[in-house]
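> Task: produce atomic coordinates for the following.
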Amino acid sequence: MMTNNDEIGKIMQQVFSSDKMYFRIGELSEMAGVSSRQLRYWEKQGYIESVQREGKQQARVFHFSQYGRVTGIKYYLDAGYTLQAAVGKIDESSNISTYVHKFVHNAIRAIEISEKGVNVDLGWFDEPKQIRLIAVLEDEKFVYQLKQE
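Numbering: from 1, shown residues only. Model prediction:
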């Protein structure tokens, strides 16, 4: 079953559009495994930032990029770092989760599901646009292939 390239591209762009990914403090807390109280403290200290929503629900929300930041801070805290050191480590990495998110948002062009596994078309591999990079998922492992057009 092959999914049309244009269709899957539109779906992936919508699904991975971080402009639409906002979470309330309780959602962020649950997703990241950090208490709401910790999040409020981190926000007060300037380690994370919320966005004020307009309209009927003027509660603050956190953008997807803050989810990545919170997850990273928690990782380093769990590894034994102090809060300031954990924030420093995250600052050094320049919020890598945002770049990964952008990659996924832009990379997936088509998905083919077969009896052998799943093929994910990751787009053109070369500038003349003659070879595509395909990620093949078989037995829970990805193998990459080049496909001549």
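> Give me the phi and psi for the residue nearest to residue 149 when sequence neighbours are not counted.
Leaving aside its sequence neighbours, residue 149 sits nearest to residue 130 (Cβ to Cβ, 6 or more residues apart in numbering; 5.5 Å). The C-beta positions use only the backbone N, C-alpha and C, and glycine is treated the same way. Torsion angles at residue 130 (phi, psi; degrees, to the nearest 10) stand at phi -120, psi -20.
> Equivalent analysis for residue 119, please.
phi -110, psi 130.
> what about it, how many residues close to it?
Applying other Cβ atoms under 10 Å, we find 19 residues neighbouring residue 119.
> That one is in contact with residue 111, isn't it?
Yes: using Cβ atoms under 8 Å, residue 119 is in contact with residue 111, at 7.1 Å.
> which residues touch residue 46?
Counting by Cβ atoms under 8 Å, 6 or more residues apart in numbering, residue 46 touches no other residue.
> Quick check: it vs residue 84, distance?
11 Å (Cβ to Cβ, to the nearest Å).
> And residue 51, by the same measure?
24 Å.
> Kindly report the same for residue 112.
48 Å.
> Could you do residue 42 as well?
11 Å.
> Give me the more crowded residue out of the two.
residue 42 (20 against 10).
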